[in-house]
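S.K.: Mind folding the following:
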Amino acid sequence: MWLVVAREPRPDAQVWAGRRWLAAMDAVVWPAAWVLAFSQIPQAGVVGPFVSAVAVLSGIGRLHRALCVNERYWFTTWRWGKIVASMLFIGFVMKLSMPG
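M.R.: Numbers count the residues shown, from 1 in each chain. Model prediction:
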């Protein structure tokens, strides 16, 4: 039995001055970081070029959305930054709670 749940699409983001260029930087930096990370692994074999190609194609689509359809672009740095900050906070609390 298949259960299909249709979600409502996310509302458009609020557009403000400078958002387009920050979104363009965000759209390019993350795929470039993936390409750089996989180019540093000598044993990547076929996976390295594949990940690089997917990252470049993803970057092109993200850059188009960031520049042309800016109200539909959501920042990756903000999304993952919240997760990393919460993990750092949890680690800090754990370090404080350890005796000695």
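
S.K.: Kindly export stretch 44-63 (C-alpha atoms) in CSV.
M.R.: Listed next in CSV are the C-alpha coordinates belonging to stretch 44-63 (Å, rounded to 0.1, in the frame of the first residue of the first chain):
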residue,chain,number,x,y,z
ALA,A,44,39.0,8.5,-4.8
GLY,A,45,39.3,6.7,-8.1
VAL,A,46,36.2,7.2,-10.2
VAL,A,47,34.2,8.6,-7.3
GLY,A,48,36.2,11.9,-7.3
PRO,A,49,35.5,13.0,-10.8
PHE,A,50,31.8,11.8,-10.5
VAL,A,51,31.3,13.9,-7.3
SER,A,52,33.1,16.8,-9.0
ALA,A,53,30.8,16.6,-12.0
VAL,A,54,27.7,16.4,-9.8
ALA,A,55,28.9,19.3,-7.7
VAL,A,56,29.5,21.5,-10.8
LEU,A,57,26.0,20.7,-12.2
SER,A,58,24.5,21.3,-8.8
GLY,A,59,26.4,24.6,-8.6
ILE,A,60,25.1,25.8,-12.0
GLY,A,61,21.5,25.1,-10.9
ARG,A,62,22.0,26.7,-7.6
LEU,A,63,23.6,29.8,-9.2
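
S.K.: low-confidence ranges in the protein?
M.R.: 100 (pLDDT under 70).

S.K.: who's in contact with residue 19?
M.R.: Applying Cβ atoms under 8 Å, 6 or more residues apart in numbering to residue 19 gives the contacts 13, 70. Just so you know, the C-beta spots here come from the backbone N, C-alpha and C atoms, and that holds for glycine as well.

S.K.: what about the helices in this structure?
M.R.: Assigned helices in the chain, in chain order: 19-39, 47-68, 76-97 (criterion: DSSP state H).

S.K.: okay, the angle between the shortest one and helix 47-68?
M.R.: Meaning helix 19-39. 180 degrees (axes from the mean of the first three to the mean of the last three Cα atoms, to 10 degrees).
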